[in-house]
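Q: let's see this in three dimensions:
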Amino acid sequence: MLFEGNTLKALIQRLVGEFITRIEPALGARVYADANVTLTTATLTTLAFNQERWDDGNCHDNATNNTRLTAPADGWYVISASIRFAQNSTGSRSVTFRVNGLGSLYIASQAQPACSDCVTDVALTTVYYLAAGDYVECQATQYSGGNLDVVYGARYSPEFSMVRVP
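A: Residues are numbered from 1 along each chain as shown. All right, here's what the predicted structure looks like:
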C-alpha cells in the first residue's frame with residue numbers, strides 16, 4: 001500500500017485545499033421586477049428590476065440605476081433574461097441586451113411572433129466579455145398596436161441575470 005491512514009488523509013486534504021483556493025468566487029446577480037410592466041407599442045423599453053434573488057459582487061442596486069447589472073471584475077459573463085408578454089395575437093415581441101447605455105453596443109437579441117391563443121415567452125442568453133464597470137441592460141419591445149404588459153410571474157418573468165464564468 002502506497003499510503004496509509006493519516007498520510008493519505010493528509011495528502012487528500014492538502015490537494016483539495018490547494019484546488020479550492022484556486023477557485024474564484026462566482027460574481028453576478030439575478031434580479032426581477034415584482035409587478036407587470038406596461039410597454040407602449042413599437043417602443044424599445046429598458047426594463048427596471050426592483051428586487052434581487054441574489055447579488056454576489058454588488059452588481060445591482062434596487063433603487064439607483066436598477067436597469068443595470070454591472071460587472072464587478074473583468075471577465076466572460078453568461079447573461080440571461082426571461083420575459084413573458086401578455087396574450088395578444090398581433091405583431092411580434094423582442095428582448096435585447098445592450099452594454100453601457102444609450103447608443104451603445106447591442107450584444108444579443110431574440111424576436112418571436114405573437115401567439116394567437118397564449119402568452120409569448122422570450123428567453124435570451126449570451127456569453128460576452130465585460131470589463132470591470134461595464135453594465136448590461138435588458139430591453140423589451142412589442143408591436144401589438146397598443147399597450148401590452150410584460151407579465152410578472154414568480155421566479156420566471158421578468159427575470160434578468162449575469163454571472164461571471166470562473
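
Q: could you pull out the helices for the protein?
A: Per DSSP state H, the chain carries helices over the ranges 5-22.

Q: span of stretch 52-64 from start to end?
A: Terminal residues of stretch 52-64 are spaced 13 Å apart (CA to CA, to the nearest Å).

Q: one more: stretch 25-44?
A: Note: stretch 25-44 ends 35 Å apart using CA to CA.

Q: may I see the buried residues of it?
A: Buried residues in stretch 25-44, counted by 16 or more other CB atoms under 10 Å: 27-33, 36-37, 39. Where C-beta positions appear, they are placed from N, C-alpha and C, glycine not excepted.

Q: same check, this time on stretch 149-158
A: Within stretch 149-158, the residues scored as buried using 16+ other CB under 10 Å are 149-151, 153, 157-158.

Q: of all pairs in those, which one spans the longest distance?
A: By the measure CB to CB, D149 and G153 form the most distant pair in the buried residues of stretch 149-158, at 11.2 Å.

Q: re the thing from before, now the buried residues of stretch 149-158 as JSON lines including distance to Y77 and pLDDT?
A: Formatted as JSON lines, those follow (distance: CB to CB, whole Å; pLDDT from 0 to 100):
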{"residue": "D149", "distance to Y77": "29", "pLDDT": "98"}
{"residue": "V150", "distance to Y77": "23", "pLDDT": "98"}
{"residue": "V151", "distance to Y77": "27", "pLDDT": "97"}
{"residue": "G153", "distance to Y77": "25", "pLDDT": "94"}
{"residue": "S157", "distance to Y77": "21", "pLDDT": "97"}
{"residue": "P158", "distance to Y77": "19", "pLDDT": "98"}
